[in-house]
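1. Compute the structure for the input listed below.
(2 chains)
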Amino acid sequence: MWTWFGLKQGSATTAWPRTGGDDGQAGVLGMPRFDPLHCQSGCRECAEICPTGALTAASAGAEPPIQIDYGRCVVCQLCTEVCPTDALQTSGDWMFAVRQRDDLRWQRAIDAPAGQRLKQCLGALRRSLHIRHVDAGSCNGCESELQALNNPFYNLHRLGIFFTPSPRFADLLLVTGSVTVPMREPLLNTYEAMPEPRLVMANGTCAVSGGIAGGGYNTGHGLDEWLPVDLYLPGCPPSPAAIIEGLLILLERLPQRVKGGQLEC
Amino acid sequence: MICTTAECREIEPDALEATCADLLKNGGRMQMAWGHIPCGESNPVLCYLASPGVRQRFVVWRVRTDGATVPSLAQQTPLLGWHEREISDLFGVCFKGHPEPQPLVLHAGAQPVCPPLDPHYPAEPMRFAHEPPALPTVSGSDVQLLPFGPVRADVVESARFFFFYIGEHILHYHPQLFFKHRGMEKRFEGGNAQHAVILAERVSGVGSVAHALAYCQAVEAAAGVSPPVRALRLRVLLAELERLYNHLHFLGHLADTTTLKVGQAEGRLLEERAKQINGHLTGSRFLRGLLVPGGLRRDLSPTSGFTHQIGALQREVARYVRALEDTTSYRDRLHNTGVLDQRTAFDQGATGPVERASGLDRDLRRDHPYAAYADVDLRVPVETAGDAYARARVRVEEIDASFETILRLLPRLAKPGDVRTEVVLPSGAEGLGWTESPRGSLYYAVHCDADGRLARVKIKSPSFSNWRVFPRTVHGSNMMDYAINEASFGLTIAGCDR
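-> Below you'll find the model as predicted:
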């Protein structure tokens, strides 16, 4: 009966990221987009309201007057509501995966095209990747989206990417959460159990920078306090499509599109 | 002073046990307990939330500790056991006669410099030296111990489970939680009540609306304001959309544990459809970024396209549920699995679909209506068998009821309108808010300082209650049923650990 049920449904899987495919994120808001031309010096509204310090006031006289670190952004959109000049506006920029942490900090001049640095170890992993996920203190939003990767719509397997129960078979350690104190040791043990070459991905703003929970009596400031991180994917939580794009960027099957805190169009 | 939403009584520590006995004798039930340190004082004050009867007004008992030990109520009402242990860990209060006096939230090896919820605790991670947890002694020949986690198979949240077993038979089950304890309650301290809703949305991702709504209602109770009617109705819409995608996830997950692969895929696909509808309507798949004390941050205009999508989803879900019902292999695995009797459910504090599947007819949306629930003719399904099948049935019926509620509400949301009222918190204001989240009762208690900023926020999540109950259905069961039983409880760990 279920075989018939399934066959009758037909394929539910999107063709994305091939052109013309539906990414499934219609209407979803991403990182606020910054327009320095509209930013007023002396105004600190956004920096004062930002709950995670993603927006901070720059030193007096600096241009632009605020500094932005998208690695801390939890997409709460409060800044877009208080900005009096629309220098910060809502956007659909939810795909924000980068290899270098610095690429999440907004810069006026982009001196080089987005990072295309080849990693020696990648040759063997490009076609098939096995992921060990570790929850190091998330709100479970990230887990909900990671579980969605294997639903028929995204169907992660079609890209040759799989979750594996054992770190012994894993190529990539994908971590969510700000790394709570009791999760440090289990996290590091998992990493130690992985064979080389091994990659590490910080999934979600908590893992990138500590996020909303970071810096408390039982939390840290993100994964790179403990492990070398190969891919940073901020978002609260990153959508399944953003995670897929991040994984493909990591495998150099897609180019990185964010540089200097800006999305190349 | 939490008087707008609950009655408040000062109680002497000596009178606590008698007051509790009186409450229980008259059919009442405790809901939660928490501590807070009032401004300028050094000793915590304890608060107990009591429910004298199903639809009667809540009562808050306030007990001054003055640094002395307080009698434990956990013998009388076991559901308070974890609450008291948490207060011991985070405030350093001693409870006299507690049946399980071990730490709960702080693991063995944690070295806080002072109780973490003391306002003077430094903003740095505590020192920690891993030590094995204290486990109950289970002895006998052939008894084996299986520790599982905190890093477990599949994409799941972190927790460690200990199984004492012989062959397939589980003798004793001991979950070790709070690996994910982030100290979220502490993060609220000193915050602006308007902006702190961003924190509440991130306590449990799949409960973003329920948490934010309970928080907003607690702040509104403290400020004595009520949001515009349109905001109240939209809040019901958001809360029911959250219930939909959570319950659809539940069905897919339960099908997975019964090895029904197509059933799992279909459940996950329907959950994805619901999340995409959420994203399209609100800009967030988790319905974040809308709730705020005083109403909503912006108006929402559900279009006819939205109504159409909800209608289409309703038909697909009905077909899916029928197919599950027609599958004997699925039903067989659920019947008589993980039976929770009504008495245990009541005493140990089961909540939400778990208690309603064990014959307890309680739902905060109906019994203590908030938002616009008083105007919604809500159907509350109840089952009596207390097994995994009953827990699934309750959720299936709730999915139906949510669709009905949403479709009935939509015509009343046609015209745009005012959705936000100004909220000013008076000095020292206090408030209590609650929601019936997809997993059960969720409470927020808010205490403000002299400047109207947040001094203490307490969160009682439904999973905190249900994790305490769950092991009682595992002892004496078998390994093959464990995953099904766990899935049928629908627990989150982030919500429990906070």
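2. quick one: the strands in the stretch 51-200 of chain A?
-> Remark: strands assigned in the stretch 51-200 of chain A by DSSP state E, counting those that start in this stretch are A:55-57, A:66-68, A:88-89, A:129-135, A:161-163, A:172-176, A:199-203.
3. Return the most buried member of the ones you listed.
-> The highest mean neighbour count among these, using mean count of other Cβ atoms under 10 Å in any protein chain shown, belongs to strand A:172-176: a mean of 27. Backbone N, C-alpha and C define where each C-beta goes, glycine included.
4. Could you list the paired strands of it along with their orientation?
-> In the sheet, strand A:172-176 lines up against strand A:129-135 (parallel), strand A:199-203 (parallel) (DSSP bridges).
5. Outside of the first one itself, which residues are in contact with it?
-> Taking Cβ atoms under 8 Å, 6 or more residues apart in numbering or on different chains as the criterion, the residues outside strand A:129-135 that touch it are A:142-143, A:146, A:160-167, A:169-177, A:183, A:186-187, A:190, A:194, A:247, A:251, B:151, B:155-158, B:180.
6. Derive a PyMOL selection command for the buried subset of these.
-> Applying 16 or more other Cβ atoms under 10 Å in any protein chain shown to the contacts of strand A:129-135 leaves a buried subset, and the PyMOL line that selects it is:
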select buried, (chain A and resi 142+143+146+161+163+164+167+170+171+172+173+174+175+176+177+183+186+187+190+194+247+251) or (chain B and resi 151+155+156+157+158+180)
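7. secondary structure element for the residue of chain B most remote from its centre?
-> The C-alpha centroid of chain B is most remote from B:Ser141, which lies 39.5 Å away (Cα atoms, centre = their mean). Secondary structure assignment for B:Ser141, by DSSP states H and E: no helix or strand.
8. Beyond the helix or strand where B:Glu486 lies, next helix or strand please.
-> If you go by DSSP H and E, B:Glu486 is part of helix B:479-489. Counting by DSSP H and E, the next helix or strand C-terminal to helix B:479-489 is helix B:494-497.
9. touching chain A at all, that next one?
-> Yes. Counting by Cβ under 8 Å from any Cβ of the partner chain, chain A is contacted by helix B:494-497 at B:494-495.
10. neighbouring contacts of that helix?
-> So helix B:494-497 is contacted by A:138-140, B:105, B:157, B:177-182, B:203-205, B:207, B:211, B:439, B:461-464, B:467 (Cβ under 8 Å, 6+ apart).
11. and the gap between A:Arg108 and A:Gly30?
-> According to Cβ to Cβ, to the nearest Å, A:Arg108 and A:Gly30 sit 21 Å apart.
12. Which one of those two is surrounded by more residues?
-> A:Gly30 (24 against 10; other Cβ atoms under 10 Å in any protein chain shown).
13. neighbours of the residue of the stretch 201-350 of chain B found nearest chain A, just the number please.
-> Per Cβ to the nearest Cβ, B:Gly205 is where the stretch 201-350 of chain B lies closest to chain A, at 2.5 Å. Other residues lying near B:Gly205 total 25 when counted by other Cβ under 10 Å.
14. who's in contact with it?
-> Contacts of B:Gly205 by Cβ under 8 Å, 6+ apart are A:138-144, A:237, B:286, B:494.
15. with those residues in mind, which one is nearest to B:Gly28?
-> Checking these against B:Gly28 by Cβ to Cβ gives B:Ala494 as the nearest, at 30.3 Å.
16. which stretches of chain A aren't confidently modelled?
-> A:109-126, A:265 (pLDDT under 70).
17. Report the central residue of it.
-> Short answer for chain A (Cα atoms, centre = their mean): A:Leu233, at 1.7 Å.
18. Does that one touch A:Ala242 like I think?
-> Yes. The criterion here is Cβ atoms under 8 Å, and A:Leu233 meets it with A:Ala242 at 6.5 Å.
19. what touches both of those two?
-> A:96-97.
20. still on that earlier bit, just send the strands of the stretch 51-200 of chain A back as CSV, with distance to B:Pro353 too.
-> Below are these laid out as CSV (distance: least, Cβ to Cβ, whole Å):
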stretch, distance to B:Pro353
strand A:55-57, 41
strand A:66-68, 43
strand A:88-89, 41
strand A:129-135, 24
strand A:161-163, 28
strand A:172-176, 26
strand A:199-203, 30
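21. For whichever residue of the stretch 51-200 of chain A sits closest to chain B, which non-adjacent residue is closest in space?
-> Ranked by Cβ to the nearest Cβ, the top residue of the stretch 51-200 of chain A for proximity to chain B is A:Gly141, at 2.5 Å. Excluding the flanking residues, the one nearest A:Gly141 by Cβ to Cβ, 6 or more residues apart in numbering or on different chains is B:Gly205, at 2.5 Å.
22. B:Lys460 bridge partners, please.
-> B:Tyr443.
23. just to revisit the earlier point, who does the helix holding B:Glu486 touch, helix- and strand-wise?
-> Counting contacts by 3 or more Cβ pairs under 8 Å, 6 or more residues apart in numbering or on different chains; DSSP states H and E, helix B:479-489 packs against strand B:160-166, strand B:169-176, helix B:229-257, helix B:328-334, helix B:388-409.
24. So which bits of that helix are buried?
-> Quick answer for helix B:479-489 (16+ other Cβ under 10 Å): B:481-482, B:484-489.
25. now it against helix B:229-257, angle please.
-> Using axes from the mean of the first three to the mean of the last three Cα atoms, to 10 degrees, the direction of helix B:479-489 lies 170 degrees away from that of helix B:229-257.
26. can you dump the C-alpha coordinates of helix B:479-489 into CSV?
-> The C-alpha coordinates for helix B:479-489 follow below in CSV (Å, rounded to 0.1, in the frame of the first residue of the first chain):
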residue,chain,number,x,y,z
MET,B,479,14.9,-2.3,23.9
MET,B,480,12.9,-2.7,20.6
ASP,B,481,10.2,-0.4,21.8
TYR,B,482,12.5,2.3,23.2
ALA,B,483,12.8,4.5,20.1
ILE,B,484,9.0,4.3,19.4
ASN,B,485,8.2,5.2,23.0
GLU,B,486,10.7,8.2,23.0
ALA,B,487,9.3,9.4,19.7
SER,B,488,5.7,9.2,21.0
PHE,B,489,6.6,11.6,23.9
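27. Contacts made by that helix with the rest, please.
-> B:163, B:165, B:168-170, B:250, B:253-254, B:256-258, B:333-334, B:337-338, B:354, B:388, B:391-392, B:466, B:470, B:473-474, B:477.
28. Report the angle between that helix and strand B:160-166.
-> 140 degrees.
29. quick one: helix B:479-489 to chain centroid distance?
-> Offset of helix B:479-489 from its chain centre (Cα atoms, centre = their mean, to the nearest Å): 20 Å.
30. and if you look at stretch A:142-158?
-> 15 Å.
31. What of stretch B:240-256?
-> Distance, stretch centre to chain centre, for stretch B:240-256: 16 Å (Cα atoms, centre = their mean).
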